[in-house]
Each structure stands twice: as structure tokens, then as C-alpha cells.
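>>> Build the 3D model from these lines:
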Amino acid sequence: MSIKSNITNINPCSLHQGSLNERIKSLQKFEAVVSFLRLLAFIFIITASLLAWNGWGIIFWIAVILSLILFIFMLSHHHRIFGLLRILRRQLIFTQRSTVIWNTGIDPEGPDGIIHVPDGHPSAFDLDLFGKCSLFSSLCIARTRQGHELLAKWLLNSSNGCKISERTESIKELRDEIDLRLQRVGLLPYSPNGIDFDEINRWGEKNLPVISYPTLVFAIILALFNLATFALWGGFGYPLSFFLVGVILTTGFYGIHFKNLHLIFDPVRRKAEILSLLAASIKLTSEKNWKSLLLKQIAEEAGNSSFDSIRSLTTTINRWHARMNQLIAPFAFLLLWDFYFARAIVIWHRKNGPQIPRWIHAFAQFECLDSLAHHAFLFPQACFPDISLSHIPFIQAKNLSHPLIPSVNCIVNDVCLSPPLRFILISGSNMSGKSTFMRTIGINASLALAGGPVHASQMSLTPLRIVATLQIQDSLQGGLSRFGAELARLRQIVELSNSHPPLLFLLDEIFSGTNSRDRLAGARALISELISRGGIGMVTTHDLALAEIPAEMQSQGTNGHFSEKIENGSMVFDYKFRPGLVTGSNAQGLMRAIGIPLPVTKD
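Below you'll find the model as predicted:
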């Protein structure tokens, strides 16, 4: 078959999606019952209070207390239900977006990842790796910004073969862990650019001010003084001046230590809930007994010790945060609440602070592996490539298809660039599929070199640096024509050809902005230079004069083409890659189709 098809044609997320819908409906009904009982309890509290206040007997005061207990119980239960509903809705949205990806190959609502692409990257946008409806947007299910950044690095930069194989081993193990995946995406909220833990990382790495033991002792003594003078004034009629002295001393003490308290609390005071959710997410990754080496390392770096440590920190922060309550705030001030918790946080920071970046990086690695594993879960027909450690670069694949094109429309092709073949010149008609073919090769190679699955029945390659000129544009602001922009990119490619790993170059319509003679001379020199530096690749062209180049390269070069046929007076493309040089052209036919009155010529 030439058209890519799903092996089972069954959406892998359909069962989970149906189950989540049922659970949400059931929980919403239960929430309505709890809300109604809360309202009844509240009305009963008011009614019983009025009756008790008007002397109806102690039984109504008991009823008030019992109703209050019931109201508090219902309130806490309602909060738990609301939290569970929030998790289930996140999971449902995740399965719905996964269904869109399974059907269409793209996720219009996914993160574009553009902020993680270095300026002037030689293939990121040419291969649709980043941007709206890109590979990154359909691939990334990381919830942290650090996970987004790391996945972008994996897609943009080739690692050595051993690292890629380690990732692949872990991705295979994670592929069918859909329940764990749903738990993880349900815990942390979705953000287009990921939840940023950089501030927490910096807080963990820097030195915090010390709340010394004498400072803490003075705070305790002052708190006891405030408590005693307040009790003497309120209960025994002692002068208010004693209590006011304590208030003045407390205010001055806070003023002296305000800067230090701010440095300790500010970075974490708004992060307690997110840190708590991160701790729960980390616990998920470390509870299983993983078999693959990389997952074991991640579990060790971000294991139960990090969960317990982060949970203890969030518990301390939440207790400190109770001071924001209007009823508690005056007493927290008089008792110098901040100093006790500041010291507890400093002690925690001294022990665990430097480990925070390591914990978050380990979790980000897990998110990246899980993103690639989910792609493999959605597309079981995709295969994991063989990464060769050979020093001679090559890439070959069978039944290769584009991951961002829906299965029903996608045509598969084979590709082989292996010794002695180093270069293919691709000719063909307009709109026949030349550029899409190169994009298909490039985007699958990027997936393979990240450790992920590829849309092919079989693929093998060596580590390669992918460069392309598939989306070259002029720049009005930069004063650069399209030809000038192409020359700038080609200069960058030549410079990169000196580095490791070898290049996989995918050059579209090379030197199209110049005449045929200069194009041939320039293409011959450029291709020869890239091949001599160890690169392999493909070049598309409409200029059949360039067909001389593969012939001059003997066994290192060859021609390939795409073509069309005429059916019922219309051009039909089959988008199949064939060996040899194209023998026809459709440009004049296309011009006539849009109304340009060209004369009909005989071949």
C-alpha cells in the first residue's frame, strides 16, 4: 500500500475518554448533592442560632454546634470533589487533544515551542519542528517549562548514539503507561509555555539570609511579652501602654529584618500549591520499578526523598501562609509568626536547596520521554529506528510517511542514502511532492535522533546534524532578498559542515534566484564541498542541467524524481519517489489552468 494507515483504526484514547466522561458526570451529580447539603446545614445553623439566642433552650445550641461540624465537613468534602473534578477535566482535555492528533496528526492548541528555538537555526522551521500545528505542538505533553526546553533541545540537537538508544529503551517502556500519564497530566495545570520553575531553581541555588538562634530567642521572648501584656490589659485591666510598648518593639523588629524575610519568603510564597503538585508528580515517576537504565536514574535523582522534602517545605509554607487570614493576621504579627517559619525554611533550604535544580531537571527528562512515548502510544504503526554507531553517515527507511499529515491522505516512500551513495538530486514537476518528501525525511530523522518513534515500517541511521533550505524568506527589515537569505543560510551550512556529527543537508530549489549557468557551477561546488566534508543529502531543482552533477559523482550520486499524469484533462499526482531524471514539465499546464493564455506547443 502507498497510503499510510493506522494498524487498528481504533483511537487508543477512546476507552479512557468515555470512562472520564462518565466519572465527571457522576461526580458532578454528587457535587450537586453535597452543595445542597451545605446549603441546608448553613440555613439550619442560622435558624438554630436565632432560636437559641432567643432562649429556646440548650438543645438548639447543641444543634448549632452539630450543624457547624456538618457544614465544615461538607465544605472540606466539596473542596476534595472540586479538586478531583479539576483533575478529571484536565485528563479529559488531554484525551480529546490526543484524539485530534490521532485523527489529523496535528494539535492546533498545542504549545508552539518557538521561544526555545535559537536564532538562525538551520532546520527548525524548515521542517515544521516548531510553530503552530508543528511537530513540537503535537508531541509535547510536558507541564513544566524545563520539560519544554529539554524536549526542544532533543529535537534540535543530535546526541551520540548511546544516549539516543538509552532514551529509546525508556520510551518503549513508557509507551503503554497511559494510566500513569493521565495521572501526571491531571496533577499539573496546562500552560502554553509550561510552568516555570526557574525562580525556584535560583532560590535553591542562592545563599539565604540566616535567622540566627539569638534572633529566634528574642522573637520568642517578645511574643511572650506581647501575649502577657495583652492578657493583662484585656483580662485584668492593666494599662494599655505596656501592650503598646510590645507592639512598637515588634514593629521595629520586623522593620530590621524585613529585607531578609522578603528574600526568604518571596520566591516560594506563591508557589506552594504548584510545588505540592510537582512533588506528587515526582512521586508518580519514582514509585514504579523501572527496568530501563535512564528511567532508573531519573527515579533515583527525583525519588521519594525529593517528594518527602518538597512536601515538608510546602507544609511549612502553607502553615506560614495562614497568617494572611484576616482573623489570624493580628495574632501572627504579635506572635512574630514569620520568624519561626523563616528559620524552618532556611534550615530546609540549607539541606535541600542545591538539589532543587537536579530534581526539576530529572522530572523534565521524564516529561520528555513521556511525550515521545505518548506519540508512540497514539501511533502503534510507528517503529523505533536503529541508531548505528558507524563512522560512515547514512540514512535509510521503508514506507516513510509524514507525521503531521492525516493517515488517510499520506503517501509513503522509501529513502536510501547509504554507502556508496551520498547524494540524490531530485527533479520533478511543480507540486509533485519534492519538498514534502525532504520534509518527511528531515522531520522523521529529528524524531529518530531525539530517541522517538518514526513513521515508517523500518528506519536506520547514524547520528546526523540536519540542515535545510526549505523555508527561506526575504527580509524587508533586514534588507535581504530571498537569494541573499539563501546565500546566508548556505554559508551557515558550509560552516557547520566542519563540525561533528556529519550533515544531512536538504536543499530546496538550490540557487533558484540566478541563471542556469551560475546555478550549475554553484551547485556543483557546494555539493562537492559538503560531500568532501562527510555530509550526505538531497537537492531539489527544476533545472535539468543540474542532472550532470550526480553523473560526475559516479556511485556517490544519483538522480530521482516525482512526476504526474494526465487523467480526463487534469493533472494527477501520485507523490511517489522514483529513480532517474524527470522527463516532463507541468509548469505551462498550471499556467493555463489559472487563465494565462499560453500557446499550445508540440513536443
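
>>> now for stretch 170-182, what's the gap between its first and last residues?
End-to-end distance for stretch 170-182, by Cα to Cα, to the nearest Å: 18 Å.

>>> Ser123 versus the closest residue to Gly186 other than its chain neighbours, what's the distance?
Spatial nearest neighbour of Gly186, excluding adjacent residues (Cβ to Cβ, 6 or more residues apart in numbering): Ile87 at 3.9 Å. (Glycine included, C-beta is placed from N, CA and C.) To Ser123, Ile87 is 38 Å away according to Cβ to Cβ, to the nearest Å.

>>> One more: Leu182?
Remark: distance between Leu182 and Ser123 (Cβ to Cβ) = 33 Å.

>>> One more: Phe42?
Taking Cβ to Cβ, one finds Phe42 at 62 Å from Ser123.

>>> Between the two, tell me which one has more neighbours.
Neighbour comparison, Phe42 and Ser123: the larger count goes to Ser123, with 26 against 16 (by other Cβ atoms under 10 Å).

>>> Just the pLDDT for Ala445.
Residue-level confidence at Ala445 comes out at 97, pLDDT.

>>> Burial check on it, number of neighbours?
25.

>>> Can you give me every residue that contacts the residue nearest to it when sequence neighbours are not counted?
Closest residue to Ala445 apart from its sequence neighbours, by Cβ to Cβ, 6+ apart: Ile466 at 5.7 Å. Counting by Cβ atoms under 8 Å, 6 or more residues apart in numbering, Ile466 makes contact with Pro122, Ser123, Leu127, Ser158, Gly442, Ala445, Ser446, Leu449, Leu503, Leu504, Leu506.

>>> Is Ile466 in a helix, a strand, or coil?
Put simply, Ile466 is strand when judged by DSSP: H, G, I helix; E, B strand; the rest coil.

>>> follow-up on the earlier one: give me the phi and psi for the residue nearest to Gly186.
Backbone torsions of Ile87, given as degrees, to the nearest 10, read phi -60, psi -50.

>>> Tell me how far it lies from Leu27.
10 Å.

>>> Now stretch 427-440: average pLDDT?
Average pLDDT, stretch 427-440: 90.

>>> That one: end-to-end distance?
17 Å.

>>> buried residues in that stretch?
Ser427, Gly428, Ser429, Ser432, Gly433, Lys434, Ser435, Thr436, Phe437, Met438, Arg439, Thr440 (16 or more other Cβ atoms under 10 Å).

>>> try stretch 208-215
Applying 16+ other Cβ under 10 Å to stretch 208-215 flags Leu208, Ile211, Thr215 as buried.

>>> And the last one, how far from Trp348?
Meaning Thr215. Distance, Thr215 to Trp348, by Cβ to Cβ: 17 Å.

>>> Next: the second one.
If you measure Ile211 against Trp348 using Cβ to Cβ, the figure is 12 Å.

>>> just to revisit the earlier point, could I get the contacts of Ile466 as a markdown table with secondary structure?
A markdown table is the format used below for the contacts of Ile466 (three-state DSSP):
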| residue | secondary structure |
| --- | --- |
| Pro122 | coil |
| Ser123 | coil |
| Leu127 | coil |
| Ser158 | coil |
| Gly442 | helix |
| Ala445 | helix |
| Ser446 | helix |
| Leu449 | helix |
| Leu503 | strand |
| Leu504 | strand |
| Leu506 | strand |
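
>>> between those residues, which is nearest Leu294?
Leu294 has its nearest neighbour among those in Leu449, at 15.9 Å by Cβ to Cβ.

>>> ok, the closest one - contacts?
By Cβ under 8 Å, 6+ apart, the contact list for Leu449 reads Ser158, Ser159, Ile164, Ile387, Leu461, Pro463, Leu464, Ile466.

>>> Could you rerun that using 10 Å?
154-159, 161, 163-164, 167, 385, 387, 461-466, 501, 504 (Cβ atoms under 10 Å, 6 or more residues apart in numbering).

>>> do the same with Gln458
Counting by Cβ under 10 Å, 6+ apart, Gln458 touches Cys383, Pro385, Asp386, Gln396, Ala397, Lys398, Asn399, Leu400, Asp414.

>>> for the helix or strand the fourth one falls within, which positions count as buried?
Gln396 belongs to strand 395-400 when elements are defined using DSSP states H and E. Neighbour counts using 16+ other Cβ under 10 Å place Ile395, Gln396, Ala397, Asn399, Leu400 of strand 395-400 among the buried residues.
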